[in-house]
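**Q** with the input below, show me the fold.
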Amino acid sequence: MDSMKGQGGIQMLLTAEQEARQIISSAKNLKLYHSNMEAAHQKKISETSGSSGSNVKRLDEETALRIQSLKESASRVSSDVVAMLIKHVTTVKA
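**A** Numbers count the residues shown, from 1 in each chain. This next block holds a predicted model:
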């Protein structure tokens, strides 16, 4: 009867060891998956940040060109606008 208990105890230990190995294997796989997901996330963040910076630079350049264009247009028509305003202000209607 002691030999039956011994064999049953050994079988329980072997089963527990096998379950422990499965748990450890699952934990390692989960850790690897987490590492891969974190790396992909960091890569996406760096890609997004880079394109965001280039978009900001591009928009700044476009804005500067537009401002320059508007200033040139304003300087071309400003004398005409002033003349028109003076004419309307100084004209007396009866």
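**Q** and for residue 23, the neighbour number?
**A** Residue 23: 10 surrounding residues under other CB atoms under 10 Å. C-betas here are computed from N, CA, C, even on glycine.
**Q** what about it, which SS state?
**A** Secondary structure state of residue 23, per DSSP: H, G, I helix; E, B strand; the rest coil, is helix.
**Q** tell me the pLDDT at it?
**A** Listed pLDDT for residue 23 reads 94.
**Q** kindly report the same for residue 2.
**A** In this model, residue 2 carries a pLDDT of 59.
**Q** within the helices and strands, which one has residue 63?
**A** Per DSSP states H and E: residue 63 is located in helix 2-90.
**Q** with residue 92 instead?
**A** For residue 92, there is no host helix or strand (DSSP H and E).
**Q** list phi and psi for it.
**A** Residue 92 has phi and psi values of phi -100, psi 130 when expressed as degrees, to the nearest 10.
**Q** report pLDDT for it.
**A** Per-residue confidence (pLDDT) for residue 92: 82.
**Q** contacting residues for it?
**A** Contacts for residue 92 (CB atoms under 8 Å, 6 or more residues apart in numbering) come out as none.
**Q** point out where this structure drops to low pLDDT.
**A** 1-4, 50-52 (pLDDT under 70).
**Q** redo that, cut-off 90
**A** Scanning the chain with the threshold set as pLDDT under 90 gives 1-10, 42-58, 75, 78-81, 83, 85, 87-94.
**Q** residue contacts, residue 26?
**A** Contacts of residue 26 (CB under 8 Å, 6+ apart): none.
**Q** and it, how close does it get to residue 33?
**A** To residue 33, residue 26 is 10 Å away according to CB to CB, to the nearest Å.
**Q** then residue 75?
**A** For residue 75 relative to residue 33 (CB to CB), the value is 63 Å.
**Q** can you check residue 69 too?
**A** Counting by CB to CB, the gap from residue 69 to residue 33 is 53 Å.
**Q** please apply the same query to residue 80.
**A** On the measure of CB to CB, residue 80 and residue 33 end up 70 Å apart.
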